[in-house]
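>>> Fold the following, please.
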Amino acid sequence: MTELQATIVIYCKKCGMPPEYCEYGPDFEEYCDPWLKKNHPQLRSKLAALRRGDGDDDAEDAAAATKQPWTVEERLVAFYEKYQPDKLDNVPTILEKYAGKEEKLFVALVKKYGPEPEDPYEAESDDEEGVAEDMESLNVGDAKKRRGVKAKKGSVVETRVIIQKITRQKRKATTVVIGMETIPGIKLKDASKTFSKRFAGSSSVKDGPKGKEIIIQGDHMEDVAEMLVSKFKVPGSAVFLDIDGEFLSYA
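A predicted model of the protein is given here:
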């Protein structure tokens, strides 16, 4: 016997219609659209793309959406869309209740429901790093075949890791870790996933002006420094906290 899957239908709190039909009402721009933007931003974006009917624009929008990590609201919406859609209408209330304690909220959600949905920004970063690692492996192999001897070892790089906090609009903070590639034997992709699991949030690897950076959602400077010393065995003297432009050693 085929198991029936329940379908969750979202109704606009302004006009009472499903969002797909709101645009046909007289109050769409004044009432319905602002409500959708606040309560269901992802659904609103999908409906806007369908109204345009242009596949190229959809692809451009999807590419633009992965240029930066999800906001806290987008993370929460994705969480409830996956695990409990009937709570989507409560997202604004939950965000207001846990203002300033968002990371504790996601830790509790992960414990209750399961892993957090993957941020496309993080997935894109993993793909880019995987390709880079594959290319590096191929280059090393080709070098060995050409010369018939082992490639010369590169110069030793001094371990130096800098941790910064960047505050964006609406006081949303991200922690940026620079210099992880100077830690012997470290894989940035694995380190990023370790941070993501530890802080129950998005963590990704990106190219920055000073090299590779690991970007973690939330303010975790002190906790990241402690992890570098205890888990990754980095000397405290090689870990620096960027406090208002002044680099302070964690040692």
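
>>> use CA for all of it now, contacts and neighbours both
Noted.

>>> What confidence value was assigned to the spatially most central residue of the chain?
Centroid check for the chain by C-alpha atoms, centre = their mean gives Ser202 as the closest residue, at 3.4 Å. Reading off the confidence values, Ser202 has pLDDT 85.

>>> Least confident secondary structure element in this structure?
Least confident helix or strand of the chain, by mean pLDDT, DSSP states H and E, is helix 55-65 with a mean of 48.

>>> where along the stretch 101-250 of the chain do the strands fall?
Under the criterion DSSP state E, counting those that start in this stretch, strands of the stretch 101-250 of the chain are mapped to 161-167, 173-178, 203-208, 211-217, 239-243, 246-249.

>>> where along the chain do the helices fall?
In chain order, the chain shows helices spanning 19-22, 33-39, 41-52, 55-65, 72-83, 91-97, 102-113, 120-147, 188-199, 221-230, with DSSP state H as the criterion.

>>> Worst mean pLDDT among the ones you listed?
Set side by side, those give their lowest mean pLDDT on helix 55-65, at a mean of 48.

>>> In contact with the closest residue to His220 other than its chain neighbours, which residues?
Nearest non-adjacent residue to His220, counting by C-alpha to C-alpha, 6 or more residues apart in numbering: Thr175, 6.1 Å away. Contact analysis of Thr175 by C-alpha atoms under 8 Å, 6 or more residues apart in numbering lists 163-166, 215-221.

>>> Over to Cys12?
Contacts were defined as C-alpha under 8 Å, 6+ apart; by that measure Cys12 touches 18-19, 22, 32, 35-36.

>>> Next, give phi and psi for it.
For Cys12, the backbone dihedrals are phi -70, psi 130 (criterion: degrees, to the nearest 10).

>>> next one: Tyr24
For Tyr24, the backbone dihedrals (degrees, to the nearest 10) come out as phi -80, psi -10.

>>> distance of it from Met221?
Tyr24 is 49 Å from Met221, where distance means C-alpha to C-alpha, to the nearest Å.

>>> can you check Glu96 too?
Here the criterion is C-alpha to C-alpha. By it, Glu96 lies 24 Å from Met221.

>>> Compare those two and say which is more crowded by neighbours.
Met221 (22 against 11; other C-alpha atoms under 10 Å).

>>> can I assume the more buried one is in contact with Ile162?
No. Here Met221 lies out of contact with Ile162, judged by C-alpha atoms under 8 Å, at a distance of 9.8 Å.

>>> Show me whatever sits in contact with both of those two.
Leu241.

>>> My guess is Lys193 contacts Ser203. True?
Yes. Checked against C-alpha under 8 Å, the pair Lys193 and Ser203 is within contact range at 6.7 Å.

>>> Quick one: buried ones out of the contacts of Cys12?
By the neighbour-count criterion of 16 or more other C-alpha atoms under 10 Å, those include these buried positions: 19, 22, 32, 35-36.

>>> got the residues you listed as JSON lines, with distance to Ser249 columns?
Written out in JSON lines, the entries for these read as follows (distance: C-alpha to C-alpha, whole Å):
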{"residue": "Pro19", "distance to Ser249": "53"}
{"residue": "Cys22", "distance to Ser249": "56"}
{"residue": "Cys32", "distance to Ser249": "52"}
{"residue": "Trp35", "distance to Ser249": "47"}
{"residue": "Leu36", "distance to Ser249": "47"}
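
>>> ok, now which ones touch the residue nearest to Lys37 when sequence neighbours are not counted?
Spatially, and ignoring its direct neighbours in sequence, Lys37 is nearest to Arg44 (6.2 Å; C-alpha to C-alpha, 6+ apart). Taking C-alpha under 8 Å, 6+ apart, we find Arg44 in contact with 33, 36-37.
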